[in-house]
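Student: okay, structure incoming, though there's no sequence with it:
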């Protein structure tokens, strides 16, 4: 079948594809569209229906996204960086509220600075000793995290940078109490740095380096547990091996390959670790709190910067476009 004799459904699809790539160089768009046109013509000539041929390609958005990935074209959505920053800042706000609850209600005086423990038993919290008015001050970091949302878009980046710097200084000056705000500080810095890095269009080497560093942090607990088990320091049943050794290695591998699910699992693991640290407070409470915050930051940052794979469940994989040549991947 000739390329010029495509059904109207195919022409509609090609027009939609061209619209998705309308911000790319015209020559590149024309080449991609013609490659897809040729692919559709070949599919129809091979006896497939137009519906089957289009279903095999995937949506115009999927094909355009794959083309951008393969040819390093800029993302069409100008606010993708802004969305990533908003998502991370929203997570920071939620973490700020959780930290305020932990510090003002759950944290005993024994862990607070001495100036807050005068004339009060160690087992009391800030809420019990000073009441809800004073305890509300622990929400100030969450308000600082939320401040950029109330400012004009052009000033949000600077406000976020200032807020992250102020909270870093407060956390460092707060002694042991400040440690509980470090996960919030990490998320705020991520909300500032990640959009900036996305706007600079980090190259493949930088992206791969980030993925490997993230994977190393994710795998580290598994390595430590495996070493402890091998030396006889701890004993593990098969469930413990699967959870504490195999789990981090599998999730770390997903992160290393840039699979979004790996970062989602990392963020979820961080949130679970922090929650368990609050519920089961013990000698290593602060350590688990900080470690969970690091996991949460790595997972959230990776999730907002990684596109869903075209081969993920529920999605057709788009054809790979390299050098203007469409390679058909399956029917």
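Tutor: Here it is on my side, so go on. What you see is a predicted model, and the numbers here were worked out from it, not measured in a lab.

Student: where does residue 224 land in three-state SS?
Tutor: Here residue 224 is recorded as helix under DSSP: H, G, I helix; E, B strand; the rest coil.

Student: tell me how many other residues surround it.
Tutor: Neighbourhood size, residue 224 [other CB atoms under 10 Å]: 13. The way it works is simple: take the backbone N, C-alpha and C, and place the C-beta from them, glycine included.

Student: pLDDT wise, what is it at?
Tutor: According to the prediction, residue 224 has pLDDT 82.

Student: try residue 144
Tutor: Taking residue 144 on its own, its pLDDT is 91.

Student: what of residue 263?
Tutor: For residue 263, the pLDDT comes out at 95.

Student: got it, and residue 4?
Tutor: Looking at residue 4, its pLDDT reads 57.

Student: cool, residue 249 as well?
Tutor: 90.

Student: do the same with residue 77
Tutor: pLDDT, read off for residue 77, is 53.

Student: pull out the buried residues from stretch 17-35.
Tutor: Residues 17, 18, 20, 21, 24, 29, 31, 32, 33, 35 are the ones in stretch 17-35 that count as buried (16 or more other CB atoms under 10 Å).

Student: how far does that stretch sit from its chain's centre?
Tutor: Distance of stretch 17-35 from its chain centroid, counting by CA atoms, centre = their mean, to the nearest Å, is 29 Å.

Student: ends of that stretch, what's the gap?
Tutor: 12 Å (CA to CA, to the nearest Å).

Student: circling back to that earlier point, could I get the buried residues of stretch 17-35 as a markdown table with pLDDT?
Tutor: Listed next are these as a markdown table, based on pLDDT from 0 to 100:
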| residue | pLDDT |
| --- | --- |
| 17 | 87 |
| 18 | 85 |
| 20 | 78 |
| 21 | 81 |
| 24 | 77 |
| 29 | 85 |
| 31 | 89 |
| 32 | 88 |
| 33 | 89 |
| 35 | 89 |
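
Student: take the residues you listed and keep only those in helices.
Tutor: 17, 18, 20, 29, 31, 32, 33, 35 (DSSP state H).

Student: wait, which of these is closest to residue 127?
Tutor: If you rank these by distance to residue 127 using CB to CB, residue 20 comes first, at 53.2 Å.

Student: wait, that closest one sits on residue 60?
Tutor: Yes - using CB atoms under 8 Å, residue 20 is in contact with residue 60, at 5.3 Å.

Student: for the stretch 151-300 of the chain, what are the low-confidence residue spans?
Tutor: 201-203, 235-242, 281-283 (pLDDT under 70).
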